[in-house]
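[1] Just need the structure, nothing else, for what follows:
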Amino acid sequence: MQAQRTICWKGHLTIREGARSARDFLEALSTGTEVTVDTSELRSVDVSHLQILVAAHNFARCLGKSLAVVAPPGGSLDMAMRSTGLSDPLDARLVHHDGAWAGIAFNGEREAA
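    Model (predicted):
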């Protein structure tokens, strides 16, 4: 039985930590059917990690698995997505649920979220 896996993004994430983050996603998606990214302790994040997050989300969908993002509204991930345009309704947005951001939706997924 495959379990739920959690990846904790903490502190300041830059391109230097990108390879480690990508490996974390590969490991989590290979051993779990549900992966959660907890960003509650994230202080800053650069665009390389947003690219990794989008790629991991797409990879999870291809595998028939789920990837959820838990991030406080107005937090580092939310602000990074807004500043890069990922929160634009034509591209992608974080999904709000029970007082926290709980997922990421792209184009046609909005109706399902």
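[2] All the helices of the protein, residue numbers only.
    Listed in chain order, the helices of the chain (DSSP state H) span 18-31, 47-62, 76-84.
[3] Could you export the ones you listed as CSV, including distance to V70?
    (Glycine included, C-beta is placed from N, CA and C.) Below are those laid out as CSV (distance: least, CB to CB, whole Å):
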stretch, distance to V70
helix 18-31, 14
helix 47-62, 12
helix 76-84, 9
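[4] Single out the most deeply packed of those helices.
    Most buried of those, by mean neighbour count (mean count of other CB atoms under 10 Å): helix 76-84, with a mean of 19.
[5] for that one, the distance to its chain's centre please.
    12 Å (CA atoms, centre = their mean, to the nearest Å).
[6] Which elements pack onto it?
    strand 32-45, helix 47-62, strand 92-97 (3 or more CB pairs under 8 Å, 6 or more residues apart in numbering; DSSP states H and E).
[7] go again using 7 Å as the cut-off
    If you count contacts as 3 or more CB pairs under 7 Å, 6 or more residues apart in numbering; DSSP states H and E, helix 76-84 packs onto strand 32-45, helix 47-62.
[8] export the ones you listed to JSON lines and tack on distance to F25?
    Formatted as JSON lines, the helices and strands packed on helix 76-84 follow (distance: least, CB to CB, whole Å):
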{"stretch": "strand 32-45", "distance to F25": "7"}
{"stretch": "helix 47-62", "distance to F25": "4"}
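[9] out of those, nearest to S21?
    Across the helices and strands packed on helix 76-84, S21 has its closest neighbour in helix 47-62 (5.3 Å, CB to CB).
[10] Please name every helix or strand in contact with that closest one.
    Contacts defined by 3+ CB pairs under 7 Å, 6+ apart place helix 47-62 against helix 18-31, strand 66-70, helix 76-84.
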